[in-house]
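1. Please find the sequence and the predicted model below.
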Amino acid sequence: MAGTAKLRAVNGTRPSLRFYHSEALHHRMVVLIEAIESDPRPKQHRAELAELVVELTQSGFDYFFMKLIRDAGMGFMVEQSTRVGLASILRLLTPISRRIIGGMDVGQLLSVTRHMRELMD
C-alpha cells in the first residue's frame, strides 16, 4: 500500500493506467478533436472518429498485450496466438464502434471529445 500511496501523491488522487501511441496517431486525434469541437456540423466527423477509436484500441492492444508478450520473450507461438485473438476482437468491435459513434448526436460527440482530452492530460 505504501507504493500505491506514493504513486497517488505523484500522479494525483485517482489511479490511472495509460499507454503510449505514435506521434502520427496523436496528431490525428488532436486535429480531429479540434475539428469536431469547432465545426458547426460536427456530426460529419462521426465516421472518422469511429475509425480513430478503432486505431486507438488497436494501439492499446499492442501496448498492453503484444508489448508484454514480446518483452517477456514468450515466443513466436504465443505472440502469434495473441495477435490472432486480438485481431478477432477488433473484427467484432469495429462494426459496433462504427454503429455506436455513427449514431451519436452533437452533445454525445462533444462528450467523447472531452473524454479524449481528459485521457490526453
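-> On my side now, so go ahead.

2. Pull stretch 111-118 out as PDB, backbone CA atoms only.
-> In PDB, the C-alpha atoms belonging to stretch 111-118 read as follows (Å, rounded to 0.1, in the frame of the first residue of the first chain):
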ATOM      1  CA  SER A 111     -18.800  14.300 -24.600                       C
ATOM      2  CA  VAL A 112     -16.500  11.900 -26.400                       C
ATOM      3  CA  THR A 113     -14.000  14.700 -27.300                       C
ATOM      4  CA  ARG A 114     -14.000  15.900 -23.700                       C
ATOM      5  CA  HIS A 115     -13.300  12.400 -22.500                       C
ATOM      6  CA  MET A 116     -10.400  12.000 -25.000                       C
ATOM      7  CA  ARG A 117      -8.900  15.300 -23.900                       C
ATOM      8  CA  GLU A 118      -9.000  14.100 -20.300                       C
END
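
3. Let me see the residues that make contact with the stretch of helix or strand Ile69 belongs to.
-> Ile69 belongs to helix 67-71 when assigned by DSSP states H and E. With Cβ atoms under 8 Å, 6 or more residues apart in numbering as the test, helix 67-71 has contacts from Val78, Glu79, Thr82. Every residue, glycine included, has its C-beta placed from N, CA and C.

4. between those residues, which is nearest Ile36?
-> Thr82 (33.3 Å; Cβ to Cβ).

5. In ChimeraX, how would I select just the buried ones from the contacts of helix 67-71?
-> In ChimeraX, this line selects whichever of the contacts of helix 67-71 come out buried by 16 or more other Cβ atoms under 10 Å:
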select :79,82
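
6. For the contacts of helix 67-71, give me JSON lines that also has pLDDT and distance to Arg18.
-> Shown next, in JSON lines, are the contacts of helix 67-71 (pLDDT from 0 to 100; distance: Cβ to Cβ, whole Å):
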{"residue": "Val78", "pLDDT": "97", "distance to Arg18": "25"}
{"residue": "Glu79", "pLDDT": "96", "distance to Arg18": "23"}
{"residue": "Thr82", "pLDDT": "96", "distance to Arg18": "21"}
